[in-house]
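Participant: please find the sequence and the predicted model below.
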Amino acid sequence: MLRVVDLVTAYGKIEALKGLSLEVREGSITCVLGPNGAGKTTLMLTIAGVLRPRQGAIEFRGEPIAALSPHAIVARGVALVPENRLVFAHMSVLENLHAGAYQRKDPYENDLEKILARFPRLKERASQDAGTLSGGEQQMLAVARALMSRPRLLLMDEPSLGLAPLVVEEIFRIIAELHRDGTSILLVEQNAHMALKVAQHFYLIEQGRVTFSGSPGSLAEDELIRRAYLGSARA
Amino acid sequence: MIDFLQNTLDGLALGSSYALLALGFTLIFGVLRRANLAYGPAIMLGCYCATWAYLKTGIGLLFLALIAVAGSTLAGVYVERLCFAPHRKGAAAAAMVASFALWMQFEELATLALPRHLYAFPALYAGGPLSLGRLTLRVESLVMLVAAILVCAALWRILYRSRFGTAVRAVIDSPAAAELSGISVSAVSLQVFALASAIGGLAGFLIVSGNEQVTPMLGMWSTLKGMLAMMLGGLGSLPGAIAGGVALGLREAHSQWYLGPQLRDFIAYLLLFVLLAVRPPWMNTRSAY
């Protein structure tokens, strides 16, 4: 569904991605692990069109999308939930959701109802300014807003970052639900324990390159990764 | 007392023209976070198009209004594509300096087409003023007041009750998040420029037909009044622009009466200086759309 080939993205002279390749299959959850500064966020921003790659190709459903601007990539069916959430702080929760559906020409009232039913906290706060929400609620809103564009592929950049454990569990429950409903997901996550429960394929990236690619089983088998990302030796 | 009331009435009428100018200026500032110095000159060019059409064909006021609005809108779109679209991510100063260059271009264009310093513009209304008890009100002022109220109501509807308005406010709130929500920031800023310049063009038409004359100075004057009113009301807030415009008009009418016309503009800049020096709380708040 998504193919990233030999991607190089640089900030000035510093290359954050140094020839990275990966693939997301239709209907799967693919997870990218890696230490801070490995280039995970850079990868997400490059796929979403916020950053221009210096080299390499990004194909979505067989079509090159590397030179498009973010709004055009949303139109192709790829939506990013950014790391810093970026909700519209001075607009109400409901208006945030309408903004998320901006590109849709079809009536989306049904989808809006469904999404509000999936996020009951947002429904309670529908007319509140998004800036007044808690961190967890803003994360929910960022996810809900991305879903309003009815994406085929959802990019999620560390959705659990800085959230309380209960909220993290809720986020992962929603990720699993979305997957069950047929949305493909590319997930960047530090919380490998949680990611192991939902993802079908893993990539480990370090210093801008893929250093491991495999199933959850093979990931847990790998001694080094287990130590670095799962915290302890297997019992 | 009656003088005070009369001044207040005149100030309200004057202030509503400033409010219209400030609304356009503020819309552009809110969306781009950049001051557009060519805002007034674009309005002036629109009014010069109308003047030119009037001199050549002598067509009616309604057509002149349409020409002024269309001319200002086109000039505004030209400014956006040339100055602001290429500098969306770059330095704010580059866009501002570029807009200054277009200001000069518009002034040259206007004076090449119509070289005299002053041209007569047909009056909006030929009859005398209305009297309300001992107060008088020019019909032109009444039209200006009504136009300002209608434009505010329409703008509120557009911004808060339409798909386009949601996009505009999303871009004002966070351009990055707007792009990621599927909103083209480039398209929205072009449309906002067109809308703001159209509002400015209408204000310009009402002002020149009220004054019954047009000069190239209208350009600088409009940018200045729009900017001043916006700063009085708090940067980037639309209700603030209206309040700032009305406050500026009231202050001018009163200071002209009590201190004389020479001190009128001096007081305006003194007030601006004090505001910038003191920075009252409403000037620091981020947009209150």
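Facilitator: Looks like it came in fine.

Participant: all strands for chain A, in order.
Facilitator: A:2-11, A:14-24, A:29-33, A:55-60, A:63-64, A:78-81, A:153-157, A:184-188, A:201-206, A:209-214 (DSSP state E).

Participant: partners of the second one in the sheet?
Facilitator: Strands that pair with strand A:14-24, judged by DSSP bridges, come out as strand A:2-11 (antiparallel).

Participant: and the strands of chain A, which is most packed in?
Facilitator: Stretch with highest mean neighbour count among those: strand A:78-81 (a mean of 27; mean count of other CB atoms under 10 Å in any protein chain shown). Glycine gets a C-beta too; all of them are placed from N, C-alpha and C.

Participant: who touches stretch A:199-215?
Facilitator: Residues from elsewhere that reach stretch A:199-215 (CB atoms under 8 Å, 6 or more residues apart in numbering or on different chains): A:15-22, A:25, A:28-35, A:38-40, A:42-43, A:187, A:195, A:216, A:219, A:222, A:225, A:229.

Participant: ugh, wrong one, I meant stretch B:73-84
Facilitator: For stretch B:73-84, the external contacting residues (CB under 8 Å, 6+ apart) are B:32, B:34, B:36, B:38-39, B:41-43, B:45-46, B:95, B:98-99, B:101-102, B:106, B:189-190, B:193-194, B:196-198, B:200-201.

Participant: same deal with stretch B:173-184?
Facilitator: For stretch B:173-184, contacts defined as CB under 8 Å, 6+ apart pick out A:48-50, A:69-72, A:74-75, A:79-80, A:82, A:86-91, A:99-100, A:102-103, A:145-146, A:149, B:167, B:170-171, B:185, B:188.

Participant: need the strands of chain A in a markdown table with mean pLDDT, can you?
Facilitator: Below are the strands of chain A laid out as a markdown table (pLDDT from 0 to 100):
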| stretch | mean pLDDT |
| --- | --- |
| strand A:2-11 | 96 |
| strand A:14-24 | 95 |
| strand A:29-33 | 96 |
| strand A:55-60 | 96 |
| strand A:63-64 | 96 |
| strand A:78-81 | 97 |
| strand A:153-157 | 97 |
| strand A:184-188 | 97 |
| strand A:201-206 | 94 |
| strand A:209-214 | 93 |
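
Participant: contacting residues around residue B:2?
Facilitator: Here residue B:2 is in contact with B:134, B:135 (CB under 8 Å, 6+ apart).

Participant: make it 7 Å
Facilitator: By CB atoms under 7 Å, 6 or more residues apart in numbering or on different chains, the contact list for residue B:2 reads residue B:134.

Participant: separation between it and chain A?
Facilitator: 44 Å (CB to the nearest CB, to the nearest Å).

Participant: with residue B:53 instead?
Facilitator: For residue B:53, the distance to chain A equals 39 Å [CB to the nearest CB].

Participant: helix or strand: which one has that residue?
Facilitator: Assigned by DSSP states H and E, residue B:53 belongs to helix B:39-57.

Participant: hmm, who's touching that helix?
Facilitator: Identification of contacts with helix B:39-57 by CB under 7 Å, 6+ apart yields B:24-25, B:28, B:59, B:64, B:67-69, B:71-72, B:75-76, B:79, B:103, B:106-107, B:109-110, B:113-114, B:119, B:121-122, B:197, B:200-201, B:204-205, B:208, B:214, B:216, B:218-223, B:226.
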